[in-house]
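J.: Sharing a model prediction with you, sequence too.
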Amino acid sequence: MKPRHHGHRRHPLHSLLRAGLDPHDRQALLGDLEEEYRTHVRPTRSWLAAEAWYAGQIVAAAWSCRRIGTVVPLETRRPARRVRGIADVRYALRRWRRRPGFPIAATLTLGLGIGAATATFSVVDAVLLRPLPWPDADRLVAVHMVYPERRADPRYATTWNHATVHYPAWEALRRGASFEDVAVWHPPALSMTADEARTELVEVMDVSSNFLPMLGVRFALGGNFQPADDEQESYDLILSYEAWQARFGGRPDIIGWSSPIAYASDTHTPPWTIVGVLEPGFAFEGASPDVLRPIGGNARPFRTFFAGEFRTIARLAPGVSIEAASAEAAALIQASQPDVPLGGGVVPLVEEEAGPSARPLWLLFGAAGVLLIVACTNVAGLLVGEHRTRRHETAIRLALGITPGGIVRQLVVEHAMLAAAGAAVGLLLAAWLTGALVSLAPVELPRLDTVRIDWRIAWFAFGAGSLTLAAFGIAPALSLARTRAAEILADGGRESAPARHVAQRTVVATEIALAVILVVGASLLGETLFRLMSQPLGFDPTHVIVVSTRFTGSDIPPDFARGTRGAGSDGGRNATSGPTLAERMAAIRLARTEAIVERLSTLPGVERAAAIGGPPFLTRPASYSFNTAGLVATIRIDGRPPETPERLDVQSVTPGALPTLGVPVLEGRDLQAGDGPSAAVVSREFERQYFVDGAVGRRFEFAMGSRRNAYEVVGVAADLKQSTVSEDPVPTVYAIASAPHFVLRTAVDPGAILPAIRAAVAEVHPQVVVVSTTTMEAALAGVIAAERFRATLSTAFALIALVLSAVGLYAVAARRVADRRREFGIRVALGARPSSLGALVVRDGLLTVGLGLAAGLPAALAAAQVTQSLLFGVSATTPHVFLGTSALLAAAALAATLLPARRASRVDPMVALRD
Amino acid sequence: MPDYLGEFEQLVLLALARLGDDAYGVTIRKTLLDQAGRRASFGAVYSTLRRLEQKGLVRSSFGEPEPVRGGRAKKYVVLTARGRAAMRATHAALVRMADGVAGLR
């Protein structure tokens, strides 16, 4: 019926039959199988069951026919190749069952090396190497603007991690010949749905009209923003596919709707119109915004230099280098604002996203690579030792008539088995380790969710291990197979001991040298972490909860006349004389803040609560630091001429914020209920900079733009860490005002209180939404997560390397003692003290460590220079790290040689000489 | 001395005797299953046939390729005279041994 039936069925298992059956029989058997399959099996079973039957028959046939040759007369008998391979496997298993030390050690060592290298590289690959999921991603870059004076200040390193430009610079850059296009965007920010009925948070991202086309994002419905939306106020919205499904039930007539998703702020905006819905799965830099707004959608001026900065993404014109684009960008940015000294540059988007974490990752990968070399070296050492037992056994087998080819084949099979076992252990370890790395990694690393085991590096690591096995296991065996068995048997199966000892010592010394590098690196990073953790914070983070809220309503008083609303926010007076609108709104906000504080402080388990504008490690307080043309912050002390602060933080708090955080008030008093907005507590650093002769009771005035605040100092508080653990203290002013964040000091475990918070806040005001709740300790852990990650990983690598070297050292010493038993016996018989023999062994071990240190310390010193920028409170050349490393390795050497030394000192001359 | 036959070898020889000149893998296996209730793999059949052939008890020849067999030929197997003798001898021995044993009939 079907002419195709003439064709032979091919099946991967067919080759199994080749060994046991001659070609005619094989064809006949396969024909029988085919006939049975077609006429009986397939018609009565599922495809899968039929295939399973077929495969099972083949395997059974291969098994049944494996002994077919046994009745053939002996002289013509030729066992099949495959059968001999199986015999080799059996032989190896038998050997290893008797002496399991070598295969276990080799498998674990290889597995550790392969696992560590694979896991680390998998993370590096996901974060730094794999191309971004956008068209022509290799030409995507980020453009950044540089204030030379600002960049020079390391304190801003943590806040200005990302590439940003101002609007005028963006306009200039778009005309640059180096760029095909330049788009700008604002990072997704939590914003809210201010529907009458419910208040929800949505993630909003502001993008220029060319942003989505540049990424090749398509639309499920509708279309993109218009270019005009980049230049004027615009109230168009684009929904993500997911938001469209979840919030609008995926209704198809959504385009043109006035959305109830409205961005609420102090000012009222016209209704928003939905113009498009994105294709499913849009995410950028790990965030999936619900709503996209045009950059003109922020009802405030955005086209001036001072209005704020945008993050950038640009596509280079084909063939333009990063350097050329950087040069052009710098010139264009400067030309856009001639009165301010500016610079600029271009970085590949991958690097921009990875930020400052990129280099440390490469370092960790380097460390994993060194560990892989240590592991391979260790295997080499094991093989050199194994070679000795092999020698004698091989000689006997050769004498019994096994061909040299048979010997080599046996070794190839054995080492392939070791390599496979090592790879299996390595992959298991890598799978586990990759998960551990991802959960330990600092959150700023992008694309951690895409980390998966990288097969290229797994193959590479496996290849490195196999090559080591081949070089140190099989190559000596080849020469062995050529030697005459009688010669080996004549010398008792021992090759010259000194020659082998030199080889082993070289291997172990290499291992130690590499371990030194890892231990030094780990010590530096570990000490950095320790120094960071022991920095005084200035407050007590235990038992503190931080609650962040957003208000989704309007603070404009209902009685405020509609007509004057527009002019109100900048201090315009109401028709009747009285407080300005700004003052009235501030009072409304403060009353709401205080009501929430009151409610939170009555929660069971809460000792006290307060509001604060910038809780440490979570949010910056209002910070004044710039001194650029047109906008100068000034501070004037008691009639002295105005000064421009280098940096000044103004913390809005409610009374009790300092004791809630555990910040001691050193002089004067804390802020109290009833204090007006001019009462201030200043930080110790503020006092040091502005009031050398004591701050309490003094007055000062702070001004910036149209803002002008007069303060009277009522107390001085201790300095506290605000953004990072390593920062220098920042002069800070605490004054009573409304704030969106709340701190709670609890008597019990903070975790027990977290669930009650959301409801309590909602009780006070339905339009106040809790954005996040966290503990101060979690925030602190987040701040030092990167350092902890590096220190933990490098320490783990160093420990593994140390253990491997110690084991290597032990193996050498133990073997050396075994080799010299006869010699030691003679020495004891001639009157040597047993303890001197032990000392001999220990000295030998220390000598090896000395060799390793001599090679490793200079290398470690060079490698440590690379880590300098990651260190805090410790220098890359600090002597105690290097001395400590030397001492640690010497101690490891002592520990590793102690047992062999004891054995050496207990050699019984009678027994040793009789052997 | 007649050739010694294993139990499965006996069954295969008997199957060959029943099948005459239509004995090949599929039919042999089917006969074993239908008559003796013995579920044998093709591999077992082939290895036994091979052994019997080496002892000179059976003879084989190849047929033409057939479409239903994926274009592969059948291996037909027939008893040799020696094979027939061995079958008879073994069976007779079995009958003699069984004769008079209580509970067999």
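T.: Received it, and whenever you're ready, just let me know what you need.
J.: Spatially central residue in the chain, please.
T.: Going with chain A. Nearest to the mean C-alpha position of chain A, counting by C-alpha atoms, centre = their mean, stands residue A:441 at 3.4 Å.
J.: that's the wrong chain, I wanted chain B
T.: Closest-to-mean residue, chain B, C-alpha atoms, centre = their mean: residue B:12 / 2.1 Å.
J.: So that one: helix, strand or coil?
T.: Three-state call for residue B:12 (DSSP: H, G, I helix; E, B strand; the rest coil): helix.
J.: List the contacts of it.
T.: Applying C-beta atoms under 8 Å, 6 or more residues apart in numbering or on different chains, we find residue B:12 in contact with B:28, B:32, B:45, B:48-49, B:52. Using the backbone N, CA and C atoms, a C-beta is placed for each residue, glycine as well.
J.: Find the pair from those residues with maximum spatial separation.
T.: Taking C-beta to C-beta, the two most distant members of the contacts of residue B:12 are B:32 and B:52; they sit 14.0 Å apart.
J.: what's the burial count for the residue nearest to residue A:594 when sequence neighbours are not counted?
T.: Using C-beta to C-beta, 6 or more residues apart in numbering or on different chains and skipping the chain neighbours, the partner closest in space to residue A:594 is residue A:654 (6.1 Å). Counted with other C-beta atoms under 10 Å in any protein chain shown, the neighbours of residue A:654 add up to 24.
J.: could I get the strand or helix carrying residue A:274 in CSV with only the CA atoms?
T.: Here residue A:274, judged by DSSP states H and E, is contained in strand A:272-278. Extracted in CSV, the C-alpha atoms of strand A:272-278 (Å, rounded to 0.1, in the frame of the first residue of the first chain):
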residue,chain,number,x,y,z
TRP,A,272,-6.2,60.1,30.4
THR,A,273,-6.9,58.5,27.1
ILE,A,274,-5.8,55.0,26.3
VAL,A,275,-4.1,54.9,22.9
GLY,A,276,-2.5,51.5,22.8
VAL,A,277,-2.0,48.1,24.4
LEU,A,278,1.4,46.4,24.3
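J.: still on that earlier bit, quick one, which of the contacts of residue B:12 are buried?
T.: Buried members of these, scored by 16 or more other C-beta atoms under 10 Å in any protein chain shown, are B:28, B:32, B:45, B:48-49, B:52.
J.: Redo the residues you listed as TSV? Include secondary structure, distance to residue B:104 and pLDDT.
T.: Output for the buried ones among the contacts of residue B:12, formatted as TSV (DSSP: H, G, I helix; E, B strand; the rest coil; distance: C-beta to C-beta, whole Å; pLDDT from 0 to 100):
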residue	secondary structure	distance to residue B:104	pLDDT
B:28	helix	27	94
B:32	helix	22	92
B:45	helix	29	91
B:48	helix	26	90
B:49	helix	30	91
B:52	helix	28	90
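J.: In a markdown table: these, plus distance to residue A:636.
T.: Putting these into a markdown table (distance: C-beta to C-beta, whole Å) gives the following:
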| residue | distance to residue A:636 |
| --- | --- |
| B:28 | 111 |
| B:32 | 110 |
| B:45 | 107 |
| B:48 | 110 |
| B:49 | 111 |
| B:52 | 115 |
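J.: How far off centre is stretch A:460-474?
T.: 30 Å (C-alpha atoms, centre = their mean, to the nearest Å).
J.: meant to ask about stretch A:420-435, not that
T.: With C-alpha atoms, centre = their mean as the basis, stretch A:420-435 stands 19 Å off its chain's centre.
J.: I figured the residue nearest to the centre of chain A hits residue A:448, correct?
T.: Yes. Counting by C-beta atoms under 8 Å, residue A:441 touches residue A:448, with 5.8 Å between them.
J.: Show the model's pLDDT score for residue 66.
T.: Because you didn't say which chain, this covers chain A. In this model, residue A:66 is scored at 69, pLDDT.
J.: other chain: chain B
T.: 83.
J.: just residue A:325 next, same as before
T.: pLDDT, read off for residue A:325, is 91.
J.: Correct me if wrong: it contacts residue A:142.
T.: No. The criterion here is C-beta under 8 Å, and residue A:325 misses it with residue A:142 at 11.0 Å.
J.: Assess the claim that residue A:896 and residue A:802 are in contact.
T.: No. Using C-beta under 8 Å, residue A:896 is not in contact with residue A:802; the gap is 10.4 Å.
J.: Tell me which of the two has more neighbours.
T.: residue A:896 (26 against 22).
J.: Let me know the distance separating the more buried one from chain B.
T.: Remark: distance between residue A:896 and chain B (C-beta to the nearest C-beta, to the nearest Å) = 55 Å.
J.: which SS state does that residue fall under?
T.: Per three-state DSSP, residue A:896 ends up helix.
J.: Please, which helix or strand holds residue A:844?
T.: helix A:834-867.
J.: quick check: mean pLDDT across that helix?
T.: Rounded mean pLDDT across helix A:834-867 is 87.
J.: And that helix, what's buried?
T.: Neighbour count says helix A:834-867 has A:837-838, A:840-842, A:844-846, A:848-853, A:855-857, A:860, A:863-864, A:867 buried, by 16+ other C-beta under 10 Å.
J.: Give me the number of neighbouring residues for the one residue in the stretch 601-750 of chain A that gets nearest to chain B.
T.: Residue of the stretch 601-750 of chain A nearest chain B, by C-beta to the nearest C-beta: residue A:749 (66.0 Å). Residues near residue A:749, counting by other C-beta under 10 Å, number 11.
J.: got the contact list for it?
T.: Residue A:749 neighbours (C-beta under 8 Å, 6+ apart): none.
J.: Please report phi then psi for it.
T.: Backbone torsions of residue A:749, given as degrees, to the nearest 10, read phi -60, psi 120.
J.: From residue A:603, how far off is it?
T.: 14 Å (C-beta to C-beta, to the nearest Å).
J.: same deal with residue A:61?
T.: Distance, residue A:61 to residue A:603, using C-beta to C-beta: 76 Å.
J.: Among the two, which residue is more densely surrounded?
T.: Neighbour count, other C-beta under 10 Å: between residue A:61 and residue A:603, residue A:61 has more, with 27 against 16.
J.: show me the contacts for that one.
T.: By C-beta under 8 Å, 6+ apart, residue A:61 lies in contact with A:16-17, A:20-21, A:29, B:41-43, B:46.
J.: Show me the shaky parts of the stretch 301-450 of chain A.
T.: Residues of the stretch 301-450 of chain A meeting the criterion pLDDT under 70: A:301-308, A:355-357, A:388-389, A:443-444.
J.: Pull the contacting residues for the residue of it found nearest chain B.
T.: Going by C-beta to the nearest C-beta, chain B is nearest to residue A:413 of the stretch 301-450 of chain A, at 25.5 Å. Taking C-beta under 8 Å, 6+ apart as the criterion, residue A:413 is in contact with A:85, A:88-89, A:92.
J.: Show me which residues of chain B are close to chain A?
T.: B:24-26, B:29, B:41-44, B:46-47, B:50-51, B:54, B:62, B:65-75 (C-beta under 8 Å from any C-beta of the partner chain).
J.: Please indicate which of the residues you listed are buried?
T.: Buried among the residues of chain B next to chain A by 16+ other C-beta under 10 Å: B:24-26, B:29, B:41-44, B:46-47, B:50-51, B:62, B:66-67, B:69-75.
J.: coming back round to it: just say helix, strand or coil for the residue of the stretch 301-450 of chain A closest to chain B.
T.: What three-state DSSP gives for residue A:413 is helix.
J.: Give me the distance between it and residue A:135.
T.: Counting by C-beta to C-beta - residue A:413 and residue A:135 are separated by 49 Å.
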